[in-house]
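K.L.:
okay, here's the prediction I keep looking at, along with the sequence it came from:
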Amino acid sequence: MAHVGGAPLSLYWAVARRSFRRYSTYRGATFAGAFTNTVFGFIQAYVLLAVFRRRDTIGGLDVVDAVTFTFVTQGLLAIVAAFGPLELADRITSGDVVSDLYRPLDLQSWWLAQDIGRAGFQLMFRGIPPFAVGAVAFHLRLPAGPSVWAGFAVSLSLALAVGFAWRFAMSLSAFWLLEVRGLVQLMGLVFMFFAGFILPLPFFPPALRDVANVLPFAAVVELPVEVFLSKHRALPDLLGVVAHQAAWLAVLVGTGRVVMVRAWRRVVVQGG
Amino acid sequence: MVETHGGPTVAEQAVIWRRLVGARIRADWQYRTSFITFMVSQFVAGFLDIVAIVILFSNVDRLAGWSVAEVALLYGTSNLSFALSDVFVSEAEFAAHHIRAGSFDRFLLRPVGPLLLLCGQEFALRRAGKVVQSVLVLAVALTQVPVDWDLPKAAMVVTMVAVGFVIFGGLWVLTSSIAFWAVEAREVANSVTYGGNFVTHYPLEIFSGWLRRLVTVVPLAFVSYQPTLWVLGRRDPHGSPAWFAFAGPLVALATVLVARAVWFSGIRHYRSTGS
């Protein structure tokens, strides 16, 4: 059996499953969240319809692409959880993180397992409903064939992992700042904007597009959505997208580990 | 607020509110870095909204016949109203937190109304970051729109900000009351408050019929859109009556009365979680 950080993989699988179950208990909140995402999707879709009354395509997107983009991103919002830090940040602030350090496992993988469980739940109950409702009211586009679906599955998985690695590194800043909510909120906004949540990146003027291209956030939203819209059907093209996402994943996971090791040295257990 | 026998007068309530707010500001200031980053993030949040509008207009010169300056006027007034309601009234949404935690009882045992107490105790000055940003956009928009400013038009701009503040305030209280019946479903409120803020950034004529009718009833159409049509000398292509531009104050009053009735009905319905 494969081991990560001294613990068997089955342990991380159990963590992910329980995390999934934990989120499934908040039914009212899940419904409310999906409802809100759907409402925002509708408003944004009407804005885009008004824009496309004057243009046929913008940056290679037609009106169906753009409206589809809106409902896919509204579905993705909860899944990639751009807004929040990990619960880890609260545990650092409260000092509970010390008991996490006792555990004979790899901490980054443990939190990843939790996040996979959460994302799996959100995918089903926050991701699909806004898209399904949007598809009733508007003409939306589905991936053109099984190979695009497969590409989307790979790209989305990498997007989740990149999003996780980013939030893990951000949450660790609590070791230095103690109170991270302000910073996380600020970074969340930058993230949302340059990821393509607020507007599809092809709408951006070249200068802003250049900024977005050197940041990791497009790998979390813009790229998987472009794959969903069948914009990267040629295999070399798709591999390029996946490689770009994988490169950011490696950079952010590596950064997270370096920061983690430095952070452990700072831990001072209060009281006794 | 409820008028109870022997309860505090309006002036006394104002003093209590000021003390609570003062205490909160002093407390928040202890965590200076966090306070400042939060305030900056509020500013940036609003700023990115207007950047998004400018980006849209870098792709098209007009949106449903509106220029970027005209949309900025709509955005500036409605966003300022929303930001003010966010600073002074959005604290009502903490009712959900206290109901869940079982600490809402405390608000009912004090000699001032629970809403006043919530708004004072949960006050957060950092939300003012959005006010500053809205004022900046509004100032630029006022100089860029093709309007010959005179006293009635200036008065209309001031009135619409005030009316919008009251309407959004009513909506915060109304939607926060959901928590008395369904504490978990509170996020639905966001689609009315934050969703309402988003809708009012744009000329309502771009939305489809059912959504336009909905926001006329809710009544987001009276926040900025109707009075702005009058200021700009435009007509609603879907033919809403011209007197709608002047209906704001009455609509705001009606919103407050409905919100008040629902809030008190919620409080009567409230059962403590106990412990």
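P.N.:
Perfect, thanks for sending it. Residues are numbered from 1 along each chain as shown, chains lettered A, B, ... in the order given.
K.L.:
now the phi/psi pair for residue 200, please.
P.N.:
Just going to use chain A. Per-residue torsions, A:Pro200: phi -60, psi 140 (degrees, to the nearest 10).
K.L.:
meant chain B, my bad for not saying
P.N.:
The phi/psi pair for B:Thr200 (degrees, to the nearest 10) reads phi -80, psi 0.
K.L.:
quick one: it and chain A, what's the gap?
P.N.:
B:Thr200 is 10 Å from chain A, where distance means CB to the nearest CB, to the nearest Å. From N, CA and C alone the C-beta is placed, and that goes for glycine too.
K.L.:
ok, that residue to B:Val137 distance?
P.N.:
Distance check for B:Thr200 against B:Val137: by CB to CB, to the nearest Å, it reads 13 Å.
K.L.:
again, but for A:Ala45
P.N.:
24 Å.
K.L.:
so for the two, which sits in the more crowded spot?
P.N.:
Neighbour count, other CB atoms under 10 Å in any protein chain shown: between A:Ala45 and B:Val137, A:Ala45 has more, with 24 against 21.
K.L.:
check which helix or strand the closest residue to A:Arg181 other than its chain neighbours maps to.
P.N.:
The spatial neighbour of A:Arg181 that comes closest, neighbours along the chain excluded (CB to CB, 6 or more residues apart in numbering or on different chains), is B:Ser34 at 6.7 Å. Per DSSP states H and E: B:Ser34 is located in helix B:32-59.
K.L.:
packing partners for that helix?
P.N.:
When contacts are defined as 3 or more CB pairs under 8 Å, 6 or more residues apart in numbering or on different chains; DSSP states H and E, helix B:32-59 packs onto helix A:27-52, helix A:181-195, helix B:68-88, helix B:128-144.
K.L.:
in it, what's buried?
P.N.:
Buried positions in helix B:32-59, judged by neighbour count with 16 or more other CB atoms under 10 Å in any protein chain shown: B:34-35, B:37-53, B:55-57, B:59.
K.L.:
longest helix anywhere in chain A?
P.N.:
Using DSSP state H to define each element, chain A has its longest helix at helix A:235-266.
K.L.:
any buried residues in that one, and which?
P.N.:
By 16+ other CB under 10 Å, the buried positions in helix A:235-266 come out as A:238, A:241-242, A:244-246, A:248-249, A:252-253, A:256-257, A:259-260, A:263.
K.L.:
surely B:Asn59 meets A:Asp56?
P.N.:
No: B:Asn59 lies out of contact with A:Asp56 (CB atoms under 8 Å); the separation is 11.6 Å.
K.L.:
one step back: give me the mean pLDDT for the longest helix of chain A.
P.N.:
Helix A:235-266 carries an average pLDDT of 92.
K.L.:
show me what that helix is packed up against.
P.N.:
So helix A:235-266, by 3+ CB pairs under 8 Å, 6+ apart, packs with helix A:107-122, helix A:146-172, helix A:174-177, helix A:222-228.
K.L.:
how does it look with 10 Å?
P.N.:
For helix A:235-266, the elements it packs on are helix A:97-102, helix A:107-122, helix A:146-172, helix A:174-177, helix A:222-228, judged by 3 or more CB pairs under 10 Å, 6 or more residues apart in numbering or on different chains; DSSP states H and E.
K.L.:
touching chain B at all, the last one?
P.N.:
Looking back up the chat, that one is helix A:222-228. No: judged by CB under 10 Å from any CB of the partner chain, helix A:222-228 and chain B are separated, with a smallest distance of 14.3 Å.
K.L.:
run a quick neighbour tally on B:Arg235.
P.N.:
Close neighbours of B:Arg235, defined as other CB under 10 Å, add up to 12.
K.L.:
that one - that's part of a strand, no?
P.N.:
No: assessed with DSSP: H, G, I helix; E, B strand; the rest coil, B:Arg235 is coil; it does not lie in a strand.
K.L.:
any idea how far it is from chain A?
P.N.:
Taking CB to the nearest CB as the measure, B:Arg235 falls 18 Å from chain A.
K.L.:
contacting residues for A:Glu222?
P.N.:
A:Glu222 makes contact with A:69, A:73, A:159, A:194-197, A:200-202, A:212-213, A:241 under the criterion CB atoms under 10 Å, 6 or more residues apart in numbering or on different chains.
K.L.:
now these as CSV including distance to A:Glu226?
P.N.:
As requested, the contacts of A:Glu222 are exported to CSV (distance: CB to CB, whole Å):
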residue, distance to A:Glu226
A:Phe69, 9
A:Thr73, 11
A:Ala159, 11
A:Phe194, 15
A:Ala195, 12
A:Gly196, 9
A:Phe197, 14
A:Pro200, 9
A:Leu201, 9
A:Pro202, 9
A:Ala212, 13
A:Asn213, 13
A:Val241, 7
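K.L.:
restricted to buried residues, select these in PyMOL.
P.N.:
Per 16+ other CB under 10 Å, the buried members of the contacts of A:Glu222 correspond to this PyMOL selection:
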select buried, chain A and resi 69+73+159+194+195+196+197+200+201+202+212+241
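K.L.:
tell me the one of the contacts of A:Glu222 nearest B:Ser176?
P.N.:
Checking those against B:Ser176 by CB to CB gives A:Phe197 as the nearest, at 26.2 Å.
K.L.:
what helix or strand is the closest one located in?
P.N.:
Secondary structure from DSSP H and E places A:Phe197 outside every helix and strand.
K.L.:
before we move on, what about A:Leu140?
P.N.:
If you go by DSSP H and E, A:Leu140 is not part of any helix or strand.
K.L.:
quick one: it from A:Gly75, how far?
P.N.:
From A:Leu140 over to A:Gly75 the distance is 11 Å, taken as CB to CB.
K.L.:
ditto for B:Gly266
P.N.:
Noted for B:Gly266: a distance of 32 Å to A:Gly75, by CB to CB.
K.L.:
in the stretch 151-272 of chain A, which residue sits nearest chain B?
P.N.:
A:Gly182 (3.3 Å; CB to the nearest CB).
K.L.:
that residue against B:Val44, yeah?
P.N.:
No: the pair A:Gly182 / B:Val44 is not scored as a contact, 11.2 Å apart, by CB atoms under 10 Å.
K.L.:
which stretches of the stretch 151-275 of chain B form helices?
P.N.:
For the stretch 151-275 of chain B, the helices defined by DSSP state H, counting those that start in this stretch occupy B:151-176, B:178-181, B:188-199, B:209-217, B:225-232, B:248-269.
K.L.:
and the ones you listed as JSON lines, adding mean pLDDT and distance to A:Trp110?
P.N.:
Shown next, in JSON lines, are these (pLDDT from 0 to 100; distance: least, CB to CB, whole Å):
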{"stretch": "helix B:151-176", "mean pLDDT": "96", "distance to A:Trp110": "37"}
{"stretch": "helix B:178-181", "mean pLDDT": "90", "distance to A:Trp110": "34"}
{"stretch": "helix B:188-199", "mean pLDDT": "91", "distance to A:Trp110": "31"}
{"stretch": "helix B:209-217", "mean pLDDT": "89", "distance to A:Trp110": "45"}
{"stretch": "helix B:225-232", "mean pLDDT": "95", "distance to A:Trp110": "50"}
{"stretch": "helix B:248-269", "mean pLDDT": "95", "distance to A:Trp110": "41"}
